[in-house]
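1. How does the following fold in three dimensions:
(chains A and B)
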Amino acid sequence: MIEIKGLTKSFEDKPVLQGVDLTIGTGESIVIIGRSGCGKSVLLKLLIGLLTPDSGQIIIDGSDITSLKESELYKVRHKFGVLFQGAALFDSMTVRENVSLGLTEHTDLSPDRIAEISDEKLRQVGLPDIQDLKPAELSGGMKKRVGLARAIAMNPQYVLYDEPTTGLDPIMADIINELVIRLNDELDVTTIAVTHDMVSAYKVADRIVMLHRGVILFDGTPEEVKNTDNEVVRQFIEGRAEGPIKPVPIGGVSLGNHRSG
Amino acid sequence: MRKAITRLGAVTYRFFNEAGEIFSLLGKILFFSKKLIEDRALLFEQMIAIGYNSLPIVLMVGAFTGAVSAWQTNYQIEGYVPVRFLGLATYKAVVIELGPVLTALILAGRIGSSIAAELGTMKVTEQIDALESLAINSVRYLAVPRFFAGLFMMPILVIFADFIAVLGAFLVAQLFLGIPPQIFFSEIPTYFHVHDIMAGLYKATMFGAIISLIGCYIGFATTGGAEGVGKATIRSFVLSAILILIADYLMATLLF
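-> Sure thing, here's the model as predicted:
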């Protein structure tokens, strides 16, 4: 279980998260929605300690990662698999090397066994015959699936998805959505996805939370989101320019490589 | 006046902040150096990239450095100093100063910029975050092998550069200045000091460390997409070159 309490984070004095409180139960499939720049990706990076919060707690299975030493934080990261927005595959490695890197670094398994596991993970994401290709030879959808195979290679308890369908055509986006659902069921993991793609959010989520102005504005099931009277949520899910949300994202800042969220 | 003081304060703050971050990275690299044997495959990969692959450019730089040194030394000493000292003067200049410094400056462009661009691209495409998310320390995995490959390979490259430079100087002396080998090499044994060669290699080791460290530091600090990577490569070269020249002066005062 993950408990986030009073989490705040600013960049160059610009507040992004202003007191986020959120509890994510084991086995849940939760989707965090919100405008670009509202802090969704920042929240994901805080969850695995890639960023340090200004204040607040992130308690993962009873352990507050904000007060852990670096070596202990690395141990906590073993519980997570992350699919990054652009897949973030290692350019210099083949697909198999990408998928097997965590196993190579953290286990004493033989190279043959590691290759077997990697190939099995690639089969699970529907890419059985591309082990020896380099990331540059893959399409956007294939990269995402390889990134997903890498994320699940170490059998994580939590799988984080940063904009899993961004940049994909609707059919490939649906394939990824199906994959997220299937892996959530088959691997018995907790799924945490951030997206502004509502088709994906409705399909994948047991629960949807909306991040707005640095706090959780809404928390409910997909049905509750669809039927909400909250004007801000309605404007977002209906994709209207008119409404209480202003065109310039509040709290949205450039975070260097944080392209959205 | 007030603005100037504010700006000076900001620049000073940035300087010390950045120097602190560079030393912090160096501290982490040294801390993780205990894993170097375990990570020897990564180290060898970088030694090939930094050392073996740089050999052609290093040999070319060495050959021309020696050739120009011989030609210009001959011009300067003609009529004042006996020509038998040409070989000695060229050899000393190459081994103590020109070999290490020119090789380092060329490699700051070739290796330092390449490290900054590679790590910078990994940073802006979230590959470094991906590495960290796999519980792999990015300093241990990326910076340590590059730093030690630079440290180990630079002196070896300088030995090659020195050898080729002396050979280049000899060929110019023989073919264009009409100085036979027994005259060109005559004074070198008399004034040969191991310390001269070692001093050049100490410098080379320091320069190798500077090039790799700055390349890694700039790479890790890259932000801003393709434009940021472009700026990082330039910055890596400029900063490395300045630090090489400063270190050269400081080491010269210490070693001689």
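2. A strand includes A:Ile30, no?
-> Yes - assessed by DSSP: H, G, I helix; E, B strand; the rest coil, A:Ile30 belongs to a strand.
3. Pairing partners for it in the sheet, please.
-> Bridge pairing for A:Ile30 (DSSP bridges) gives the partners A:Ile192, A:Arg207.
4. Could you pull out the strands in the stretch 1-150 of chain A for me?
-> A:2-11, A:14-24, A:29-33, A:55-60, A:63-64, A:80-83 (DSSP state E, counting those that start in this stretch).
5. helices or strands up against the longest one?
-> So that's strand A:14-24. strand A:2-11, helix A:40-47, strand A:215-220 (3 or more C-beta pairs under 8 Å, 6 or more residues apart in numbering or on different chains; DSSP states H and E). Yep, even glycine has a C-beta here, placed from its N, CA and C like the rest.
6. sorry, back to before: deepest of the strands of the stretch 1-150 of chain A, which one?
-> strand A:80-83 (a mean of 27; mean count of other C-beta atoms under 10 Å in any protein chain shown).
7. And the contacts of that one?
-> A:44, A:47-48, A:144, A:147-148, A:150-154, A:156-162, A:164, A:189, B:129-130, B:133 (C-beta atoms under 8 Å, 6 or more residues apart in numbering or on different chains).
8. Restricting to C-alpha, output that strand in PDB.
-> Output in PDB follows, covering the C-alpha atoms of strand A:80-83 (Å, rounded to 0.1, in the frame of the first residue of the first chain):
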ATOM      1  CA  PHE A  80       8.600  -0.800  -8.800                       C
ATOM      2  CA  GLY A  81       8.500  -1.100 -12.500                       C
ATOM      3  CA  VAL A  82       8.200   2.100 -14.500                       C
ATOM      4  CA  LEU A  83       7.100   2.700 -18.100                       C
END
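9. any idea which residue sits dead centre in the chain?
-> Chain wasn't specified; assuming chain A. A:Tyr161 (2.3 Å; C-alpha atoms, centre = their mean).
10. that's the other chain; I wanted chain B
-> Central residue of chain B (C-alpha atoms, centre = their mean): B:Ala104, at 2.7 Å.
11. one step back: among the strands of the stretch 1-150 of chain A, which comes closest to B:Phe237?
-> Of all those, it is strand A:2-11 that lies closest to B:Phe237, at 28.8 Å by C-beta to C-beta.
12. The closest one and chain B, any residue contact?
-> No - for strand A:2-11, no contact with chain B is found by C-beta under 8 Å from any C-beta of the partner chain; the gap never falls below 11.2 Å.
13. Partner strands of that strand and their direction?
-> strand A:14-24 (antiparallel), strand A:55-60 (antiparallel).
14. Turn the helices and strands packed on strand A:14-24 into TSV, including mean pLDDT.
-> Output for those, formatted as TSV (pLDDT from 0 to 100):
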stretch	mean pLDDT
strand A:2-11	94
helix A:40-47	94
strand A:215-220	92
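15. would you turn those into CSV with distance to B:Gly62?
-> Formatted as CSV, the helices and strands packed on strand A:14-24 follow (distance: least, C-beta to C-beta, whole Å):
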stretch, distance to B:Gly62
strand A:2-11, 48
helix A:40-47, 47
strand A:215-220, 63
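16. Of these, which is nearest A:His196?
-> Of all the helices and strands packed on strand A:14-24, helix A:40-47 sits nearest to A:His196, with 8.0 Å by C-beta to C-beta.
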